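Enquirer: Fold the following for me, if possible:
(2 chains)
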Amino acid sequence: MKPAARHLWLGLAAAPVVSFFALPFLYLIAVSLKTKDDVLNGRFWPTAPTLANWPAAFEAANILGFILNSVVVSLASGLVTIALALPSAYAVLRLKIGGKWLSDVTLSSYMAPPIVALIPLFFLLKTTGLLDTRAGLVLIYGFANVPVAFWLLMPFLRRMPIEIEQAAAMDGAGPFRTLLQIVVPIIAPGIVATFIIVTVLSYNEFLFASAFTFSDATRTLPVGISLFQGDRLVNFGQMAAASLAGIAPVYLVALFMQRYLVSGLAHGGVK
Amino acid sequence: MTAFAVEVLEPAGAAGAAARSHALRARLGRLAWIAPVLVALVVTTLYPTVFLLALAFSKSTLGKPFRGFVGIKHFATALQDPIFLAAIGRSVAYALATSLVQLALGFLIALLFTSLLKAGRFLMSLVLLPLMTPPVMVGIAWKLIFAPAGGLLNGTLITYGVISEPISILGHPTLAWLAIGVADLWQWTPFIVILCFAALSTVPESVHEAAMVDGANGWQRFWHITLPLVAAPLSSIYLLKLILSFKLFDLVYILTFGGPGFATTSAGFAIYRRAIEQFDVGRAAAETMIYALVIGLVTLPVVRLHQHFERREL
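Expert: As a prediction, this is how the structure comes out:
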């Protein structure tokens, strides 16, 4: 087959794949622009597009407050995770502290489904008075994502030429200074990728958030949206608008950070 | 721990004491590096395991835990509860099946994207979006598509005359599972595509060229060269997706809430309802331990398979 013809066939094969992955997102946009009657006709695009669902959704529930809670909790927990995971990953790899068992234990701790930790963590938050607080969620997510961050950071640290660190040590820099001033700037793309991934994981998390928050002041977006749909008003248009508003922050991050993301996921995943 | 004790108990002079305190400080200094991860492991893994074990043997509610020792009563009840056992069976079948389907599909898409070169890399960042979407919103998008009144699927099927009346997809035991599977596939296949893409990019171009010189056709090159080279990463990707599938909760919560009846109640969802809605934390803890054990047993052969491929590679 000629290269041009081959490319045409491959393109034809890729089209249904891309449409399938774009479909739910496009449909959410379409539904968010539909009137209540329009929703029932079962067509894809609205016959009489309206923007009325958007303000209505923000009035029906405290969507902005939920988004704010999600953003604050996920960013703070992302920082906690990196602060916990980076020194340890560095120590295991370069300072030979903890050794293989520590990385094995850390990774295998991720195998258990989160439902295992649900009840014990509920009581932990209750005893410490952190139940139904954003700080409680920050700590839980910050701790829970450490294995993921550990796993994602490792390959970036491993690929760093050790000679640079040895030179820093010769110049009298301690290991902590070497980590902060030499290693961190070099593997910054890896740290950024890891930070984005664990932050998005926290932003999207639902199980813990639904069990540990029960007031509008602390509820994160997935919890808020899940209540939205259980509500008496099953207004598809508003539900779609609210969902899109919640997806927007992550898609913006994905758009601007996609290069970091793909490399972070790909490097962490193989092996 | 023992080394530390020996050092402290050892009788020595003042100089020895100074050296010892120096060694101790160095040891503590080293420990400080990994302390953050140790704390995280204690909070998220060790403490929950111990706590859960204690709960599983006691009469406990969400309001008042540990109100007396009940022995293995909760385990016995759980193992005799057909609804819970069915939920475990569903979770296992679901995890094995969806992971296999998504691995096959994700690998094919990755092959396609690899052949598309530059365009493939652009498509890759496009299919990244489902992975980033909060699962709750994934559930809502697919719920709108599957809705009986005004849903896209029913609307399309009626327009093309496949069906005359809308069908309740999420209200049908088998179709509801398929619906959850499709939403899961939409969300997670991109992740598998990225990982497979990365695995495929490690296959050196020179190997292909050598095989082409030897007259191997496309299929032979794929079957005898590419596939064996990526077998180890593929097995670890399957393992990873298996672990993720056992966590299934959000999609069930949004799409079906475990229904119709208990038809789509996964083990995780059953345990959640037992603890958070019925407050029977003791029994929920016993059920969690059973579920964790089952996951360990199911994933063990996959771990072994992965180790087999890794060894073969060396």
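
Enquirer: C-alpha only now, for contacts and for neighbours.
Expert: Fine.

Enquirer: which residues touch residue 144?
Expert: Using chain A. Applying Cα atoms under 8 Å, 6 or more residues apart in numbering or on different chains, we find A:Ala144 in contact with B:Ala40, B:Thr44.

Enquirer: that answer is for a different chain, and I need it for chain B
Expert: Contacts were defined as Cα under 8 Å, 6+ apart; by that measure B:Leu144 touches A:Phe236, B:Gly151, B:Leu152.

Enquirer: switch the cut-off to 6 Å
Expert: When contacts are counted by Cα atoms under 6 Å, 6 or more residues apart in numbering or on different chains, B:Leu144 is found next to B:Gly151.

Enquirer: Let me see the ranges of the helices in the stretch 1-150 of chain A.
Expert: A:3-32, A:36-39, A:53-60, A:63-93, A:99-108, A:115-127, A:134-144, A:146-158 (DSSP state H, counting those that start in this stretch).

Enquirer: Sorry, wrong one. I was asking about the stretch 151-300 of chain B.
Expert: Counting by DSSP H, counting those that start in this stretch, the helices of the stretch 151-300 of chain B are B:152-159, B:173-200, B:205-213, B:218-221, B:227-246, B:250-255, B:267-272, B:281-313.

Enquirer: mind giving me TSV with the helices of the stretch 1-150 of chain A and columns for mean pLDDT and distance to B:Thr159?
Expert: Formatted as TSV, the helices of the stretch 1-150 of chain A follow (pLDDT from 0 to 100; distance: least, Cα to Cα, whole Å):
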stretch	mean pLDDT	distance to B:Thr159
helix A:3-32	85	17
helix A:36-39	78	15
helix A:53-60	84	26
helix A:63-93	92	35
helix A:99-108	79	50
helix A:115-127	89	43
helix A:134-144	93	46
helix A:146-158	86	46
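
Enquirer: Apart from its neighbours in sequence, what residue is nearest the residue of the stretch 151-300 of chain B found nearest chain A?
Expert: Using Cα to the nearest Cα, the single residue of the stretch 151-300 of chain B nearest to chain A is B:Gly155, 4.1 Å away. In space, not counting the residues next to it along the chain, B:Gly155 is nearest to A:Gly42; the distance is 4.1 Å by Cα to Cα, 6 or more residues apart in numbering or on different chains.

Enquirer: what does A:Thr50 give?
Expert: Counting by Cα to Cα, 6+ apart, the nearest residue to A:Thr50 once its immediate chain neighbours are dropped is A:Leu33, at 5.0 Å.

Enquirer: hang on, the one you found packs against A:Ala52?
Expert: No. Using Cα atoms under 6 Å, A:Leu33 and A:Ala52 do not qualify as a contacting pair, with a distance of 7.7 Å.

Enquirer: quick one: which of these two has more around it?
Expert: Regarding A:Leu33 and A:Ala52, a neighbour count based on other Cα atoms under 10 Å in any protein chain shown identifies A:Leu33 as having more, with 25 against 15.

Enquirer: ok, now how distant is that one from A:Phe44?
Expert: Noted for A:Leu33: a distance of 11 Å to A:Phe44, by Cα to Cα, to the nearest Å.

Enquirer: Over to A:Arg259?
Expert: Using Cα to Cα, A:Arg259 is found at 32 Å from A:Phe44.

Enquirer: Could you check which of those two is surrounded by more residues?
Expert: A:Phe44 (21 against 13).

Enquirer: Torsion angles phi and psi at the more buried one?
Expert: Per-residue torsions, A:Phe44: phi -80, psi -60 (degrees, to the nearest 10).

Enquirer: Likewise for B:Ser58?
Expert: Reported as degrees, to the nearest 10, the phi and psi values for B:Ser58 are phi -130, psi 160.

Enquirer: beta partners of it?
Expert: Going by DSSP bridges, B:Ser58 is paired in beta bridges with B:Phe69.

Enquirer: Quick one: name the residues of the stretch 51-200 of chain B near chain A.
Expert: Proximity of the stretch 51-200 of chain B to chain A, by Cα under 6 Å from any Cα of the partner chain, involves residues B:Pro134, B:Val136, B:Met137, B:Ala141, B:Ala149, B:Gly150, B:Gly151, B:Leu152, B:Gly155, B:Leu195, B:Ala198.

Enquirer: Including neighbour count and pLDDT, could these go into JSON lines?
Expert: Below are these laid out as JSON lines (neighbours: other Cα atoms under 10 Å in any protein chain shown; pLDDT from 0 to 100):
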{"residue": "B:Pro134", "neighbour count": "24", "pLDDT": "92"}
{"residue": "B:Val136", "neighbour count": "24", "pLDDT": "92"}
{"residue": "B:Met137", "neighbour count": "28", "pLDDT": "91"}
{"residue": "B:Ala141", "neighbour count": "26", "pLDDT": "91"}
{"residue": "B:Ala149", "neighbour count": "17", "pLDDT": "78"}
{"residue": "B:Gly150", "neighbour count": "22", "pLDDT": "78"}
{"residue": "B:Gly151", "neighbour count": "23", "pLDDT": "84"}
{"residue": "B:Leu152", "neighbour count": "26", "pLDDT": "86"}
{"residue": "B:Gly155", "neighbour count": "24", "pLDDT": "84"}
{"residue": "B:Leu195", "neighbour count": "27", "pLDDT": "86"}
{"residue": "B:Ala198", "neighbour count": "22", "pLDDT": "82"}
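
Enquirer: coming back round to it: wait, doesn't the residue nearest to B:Gly155 sit right on B:Leu153?
Expert: No. Between A:Gly42 and B:Leu153 no contact is recorded; they are 7.9 Å apart, counting by Cα under 6 Å.

Enquirer: Now do the shared contacts for those two.
Expert: Shared contacts of A:Gly42 and B:Leu153, counting by Cα under 6 Å, 6+ apart, come down to nothing at all.

Enquirer: mind checking how far B:Leu24 is from A:Ala173?
Expert: Distance, B:Leu24 to A:Ala173, by Cα to Cα: 21 Å.

Enquirer: quick one on the thing from earlier: now do the contacts for the residue nearest to B:Gly155.
Expert: A:Gly42 makes contacts with B:Gly150, B:Gly151, B:Leu152, B:Gly155, as judged by Cα under 6 Å, 6+ apart.

Enquirer: Closest one of the residues you listed to B:Pro130?
Expert: Closest approach to B:Pro130 among those (Cα to Cα): B:Leu152, at 18.8 Å.

Enquirer: now the closest residue to chain A within the stretch 1-150 of chain B, what's its secondary structure?
Expert: The nearest approach of the stretch 1-150 of chain B to chain A comes at B:Gly150, 3.8 Å away (Cα to the nearest Cα). Secondary structure for B:Gly150, judged by DSSP: H, G, I helix; E, B strand; the rest coil, is coil.

Enquirer: Would you enumerate the residues in contact with A:Leu180?
Expert: Taking Cα under 6 Å, 6+ apart as the contact definition, A:Leu180 lies against nothing.

Enquirer: From B:Trp223, how far out is it?
Expert: Counting by Cα to Cα, the separation of A:Leu180 from B:Trp223 is 47 Å.

Enquirer: what residue lies at the spatial centre of the chain?
Expert: Since no chain was named, I'll use chain A. For chain A, the residue whose C-alpha lies nearest the mean C-alpha position (Cα atoms, centre = their mean) is A:Val200; its distance is 1.3 Å.

Enquirer: wrong chain, I was asking about chain B
Expert: Most central in chain B (Cα atoms, centre = their mean) works out to B:Leu244, at 1.3 Å.

Enquirer: Mind pulling the model confidence for that one?
Expert: Turning to B:Leu244, the model gives it a pLDDT of 88.

Enquirer: if I look at it, how far off is B:Ile192?
Expert: B:Leu244 sits at a distance of 12 Å from B:Ile192 (criterion: Cα to Cα).

Enquirer: What of B:His208?
Expert: 24 Å.

Enquirer: With neighbour numbers in mind, choose between these two.
Expert: The residue with more neighbours, out of B:His208 and B:Ile192, is B:Ile192; 27 against 17, by other Cα under 10 Å.

Enquirer: and B:Glu205, how many residues sit next to it?
Expert: Using other Cα under 10 Å, B:Glu205 has 9 other residues around it.
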